[in-house]
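1. Here is a sequence with its predicted model. Questions after.
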Amino acid sequence: MELELRHLRTLRTIAEAGSLTRAATVLGLAQPALSAQLRRIERTLGGALFERGRNGVRATALGELVLERTRVVLPAVSELQQEAAEFARGRRQGERLRLGGTHGPLLGALVDRLADAAPGTSLTTRASWSERELAGLLAEGRLDFALAGTCGSAPPPDGTHLVWEEIAVDPVFVMLADTHPLARGREIDLAALADEAWACVPGDGCFADCFTAACARAGFTPRRMYETDTASCVHLVQVGRAVGLCRATFPSTPGLTTRPLAGTPLVWRHLLGWRPAGQRPGTAATVLALSRKAHEDAAARSDGYARWLDQRGEPAAAAHRRPGRASVSARGRDARLP
């Protein structure tokens, strides 16, 4: 006989009732039938679960172990059934999800996965360079979920009223023109880029401060920073006017090479945020799982990131583990990563 959830519920009822007679009444069974079922369960689990006496039954040591597990398993299964039903009901009713995100590969990948997972759901998107703006839209109920990011261990925006869950942590790579002398190396020392101009998209986190601090540790101060949109950053790198900083998941682009920085001086945390009062737990868990899968796929599609992970003997899913920490400083209007 294989142990089933109904058997765990039977054991819980016996323990709560304190006697087979009372438990049989609760379960709507004859006592002999309940006693026979208990014996089958005990044979399956390898020993007596209850000691029988004049005052009823008392759990044995094995019985206490099994009952302790039922206190975890049964509520978890009940919660799963409820969340699955709510998620399916939302799909049948044409659920609407409003997604926000900063510039990067994950927002489109998440939309693609949600469209497959919940084809009846109406999906809308909004992009912004500002994590604070996205947090405000979440708090106001104008977005359901937002993909954002922070540098190193910096806290997410509006951590008091919103839930932020980590999707993954990436090393920060450098973008170079294919013709750049350093583009042929496996990794690049930050100090070797001391004479370069830099390109990055705007942001309101602490990344620019962390980058400046990393450059100072490498012995130089960045001589110029072009803060502009992603397409302009890519163009400036392709024509050799600048080098750029990017997430390791940055997609392969003609005329452009991405390389890891030696020692991983900077890292980027991908986050998914939502307002707890505005979301069912099952929906949030599903969107978070799909976001992590979207990141894993993006990491696998990036040749440079795949090589970086392969050199460490790690699969793309290892990106969910933290490769390091970056310094944290006061936050103002700052650069961020394409």
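-> That came through fine. Numbering: from 1, shown residues only.

2. which secondary structure element contains the nearest residue to T253 once chain neighbours are set aside?
-> Ranked by C-beta to C-beta, 6 or more residues apart in numbering and with sequence neighbours excluded, the top spatial neighbour of T253 is V234, at 6.1 Å. Every C-beta, even on glycine, is put in place using the N, C-alpha and C of the backbone. Under DSSP states H and E, the secondary-structure element containing V234 is helix 230-238.

3. what's the spacing between the helix or strand where T10 lies and its chain's center?
-> Element membership of T10 [criterion: DSSP H and E] is helix 5-17. From the chain centre to the centre of helix 5-17 is a distance of 36 Å (C-alpha atoms, centre = their mean, to the nearest Å).

4. The residue nearest to T253 reaches P251, doesn't it?
-> No - between V234 and P251 there is no contact, the gap being 10.4 Å when judged by C-beta atoms under 8 Å.

5. Count the neighbours of L65 for me.
-> Using other C-beta atoms under 10 Å, the number of residues around L65 comes to 12.

6. so what's it scoring on pLDDT?
-> Model confidence at L65, expressed as pLDDT, equals 93.

7. and it, backbone torsions?
-> The phi and psi torsions at L65 (degrees, to the nearest 10) take the values phi -60, psi -50.

8. cool, and A154?
-> Dihedral angles for A154 - degrees, to the nearest 10 - are phi -60, psi 140.

9. I'd like to know how far it sits from A115.
-> In this view, A154 and A115 are 32 Å apart by C-beta to C-beta, to the nearest Å.

10. And these two? Which one has more around it.
-> Shown here are A154 and A115; by other C-beta under 10 Å, A154 has more neighbours (20 against 11).

11. So for stretch 132-141, what gets flagged as buried?
-> The neighbour-count criterion (16 or more other C-beta atoms under 10 Å) identifies R132, E133, L134, A135, G136, L137, L138, A139 as the buried residues of stretch 132-141.

12. need the helices for the stretch 151-300 of the chain, in chain order.
-> 207-217, 230-238, 281-301 (DSSP state H, counting those that start in this stretch).
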